[in-house]
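> just a sequence and a predicted model for now, questions to come.
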Amino acid sequence: YLPYLVFPLWITVLAFRGEDKDKPMTPFRGPVNTSMLCFFASHIPIAIFIDSQAVFPKSFYPSPVIRLVEWYAEVFGDDFMTRPFEKWATGIVSCEVTLQLPFFFVMCHYMLSKAPVWSAWLRSGCIVYGSHVATTMVPIFVSLFLNPNATVQQKLANSCIYFPYLLFPVWLVYLSCHDGLQSSRKDLKEKAS
């Protein structure tokens, strides 16, 4: 298990080398900012009303929302969202509801702020969030692809539905690490001069 602990720490150290003060959020400008804002803002109601049904009892939700999830699971052949939920799926969604959902609000706040600051703790949060979500998508995709009850069309449709939840977190980690490494290189060049 040591590599699972060392690798994220190593990435974080590389991303923050030479970082000791806040700076403008340069990676999040224009279309990137809009894309990330749409991703995080759209994920809030999805996490609250759809995904969290794997964690909380049916009595917490209005019947139209319950029927929506049941319809989706049946039409798209998505075992991940089919009752009774697998224990591993409930574990992943528990992390989404308790850890990721608050982060969605933080990111929306920063994306909407007039002069967002790319602080070390925000960059760290982006790296942790993106790495966590990208790794949780592996068992979800395996479950989708190996589902014997789903047709090829259903598997393809589910892949298209779930793909943004892999793409955006990986993109966020890239932006966070890339910007941190660029800052470190710039600081090293200034110190050398």
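Thanks, I have it. Numbering: from 1, shown residues only.

> how close does the closest residue to residue 143 other than its chain neighbours sit to residue 59?
Spatial nearest neighbour of residue 143, excluding adjacent residues (CB to CB, 6 or more residues apart in numbering): residue 80 at 5.5 Å. For glycine as for every other residue, the C-beta is placed from the backbone atoms N, C-alpha and C. Separation of residue 80 from residue 59 (CB to CB, to the nearest Å) stands at 22 Å.

> so between the two, which is more surrounded?
Neighbour count, other CB atoms under 10 Å: between residue 80 and residue 59, residue 80 has more, with 22 against 6.

> quick check, residue 165 in a helix?
Yes. Membership of residue 165 in a helix is supported by DSSP: H, G, I helix; E, B strand; the rest coil.

> for residue 84, see how far away it is.
Counting by CB to CB - residue 165 and residue 84 are separated by 23 Å.

> and those two? which has more neighbours close in?
Set residue 165 next to residue 84 and count neighbours by other CB under 10 Å: residue 165 wins out with 18 against 8.

> residue contacts, the more buried one?
By CB atoms under 8 Å, 6 or more residues apart in numbering, the contact set of residue 165 is 133, 137.
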